[in-house]
Structure formats: structure tokens, C-alpha cells
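[1] Sequence and computational prediction follow.
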Amino acid sequence: MLEPNLGTKLLASLGWTPLGEPPAAKQYVLIAAPHTTNWDLFFTLLFGLHFRLPIKWVGKHTLLEPPLGWLLKPLGGIAVDRREHKNQVKALAALFQQYEELALVVAAEGTRSYTDHWKSGFYHIALAAQVPIAPATLDYSKKQGGFGPLLYPTGNIRADMDKLREFYSDKRGLRPENFGPVRLRNEEDDPNAGA
């Protein structure tokens, strides 16, 4: 059982309950979903404090510019400029060589608005870095936050995504209508499906 800290106390004062234990791995890509509101970052950081996670999180470059960036970068924010066509997967996977312990938080949906697919970056970062994926959730309907079982990506995208679909099937964001299907854009074209 974790000793209470600032994150624990703030979550309790807001009526939230942490569930279970943090992931057992020292390094992993942490999926933050459903992502339907700006409040998700606030609660993710509180749960990170409670569970004592070595969090770094990926955010839109405009979010991490001054003046807000002066606060958010020390809280683990890493700016990603989606307008640039450089290999962000490779750059983010390389972070795992810099830190002995790292929970790299990625909002797989890539937006707080409804989208009919997730962005695949989280999956390819985990594959490239050879680290597991930790599905995490903030369930606003129950005011609970926690983790699913670690997923070690196999390269069989459809089978791996089936496991994530199962975990997220009953999770509800603050704005449930903004949480789209748990699937990748080209998942049905996966040449490894069924392998």
C-alpha cells in the first residue's frame, strides 16, 4: 500500500479513488484514455503523484510555450510539433535510453474531440523502445483512476488492439460522446493479423 502524498490527498479531497497498483515495469508507454477534456492532464498528474510514476508526457507544442510552458515543462511536458515531418516516434522512443525509469504518457486519441481512430504513435514508440504499453484510465463516471494489465506489443496490431478494446470497453471520460472507437486507422490492413 502506498503512503499518502500530495496527489493522494488532493484526489481524496476531489472525491477520486485510485485503483490497484502502478505498473510493475520500470519503463513503459502509458496510454491516457479516454481523453475528452482539458481536466485529463490535471488528474493524470495527480494520479502520477499518487502512484509515484516517473512521468513525462507528450503535448501540443502550443500548450508548452510560455507562459503556461514554464509550469508544464517542469511537470514532465514534452512538446511535439505535429506540423514538422520529422520522426517523432524515433525521438520519443530514444527517451527510454535516457531514463532508467520512465512512464511516457501519450493521449492515443490525439485530441479531446471525437475521432474515429487512435493515432498509432504510442504503439510504434513501445515497439521501437522495446517497452510495454500500460493502459490507464480516468473514469469520470465512477471518479476512479487506474491501470489495465501491461501489454507487450507483439507486432500483431489487431490482436494487441483487441486487448486494449477490452480494457477500455466500459471506461467513460468526462464527455463520453467525445470518446471514439478504440482502433487504429489502418488496423484492418495489418499484415500480421492472425499471425
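    That came through, no problem.
[2] Give me the distance between the residue most central in space within the chain and L10.
    What sits nearest the mean C-alpha location of the chain, by Cα atoms, centre = their mean, is I31, with 2.4 Å. If you measure I31 against L10 using Cβ to Cβ, to the nearest Å, the figure is 23 Å. Glycine gets a C-beta too; all of them are placed from N, C-alpha and C.
[3] Equivalent analysis for L45, please.
    In terms of Cβ to Cβ, L45 sits 10 Å off from L10.
[4] Same drill for these two, tell me which one is more crowded.
    L45 (20 against 16; other Cβ atoms under 10 Å).
[5] Would it be right to say that that one lies in a strand?
    No. If the criterion is DSSP: H, G, I helix; E, B strand; the rest coil, then L45 is helix and not within a strand.
[6] let's number from 305 now, not from 1
    That works, and once the first residue is 305, the last one we named lands at L349.
[7] So it sits against L379, correct?
    Yes. Using Cβ atoms under 8 Å, L349 makes contact with L379 at a distance of 5.9 Å.
[8] In terms of secondary structure, what does the host helix or strand of V409 contact?
    V409 belongs to strand 406-410 when elements are defined using DSSP states H and E. Contact analysis of strand 406-410 by 3 or more Cβ pairs under 8 Å, 6 or more residues apart in numbering; DSSP states H and E lists strand 331-337, helix 343-355, strand 359-364, helix 392-402, helix 425-433 as its packing neighbours.
[9] The first one: partners in the sheet, and parallel or antiparallel?
    The partner list of strand 331-337 in its sheet, established with DSSP bridges, is strand 406-410 (parallel), strand 437-443 (parallel).
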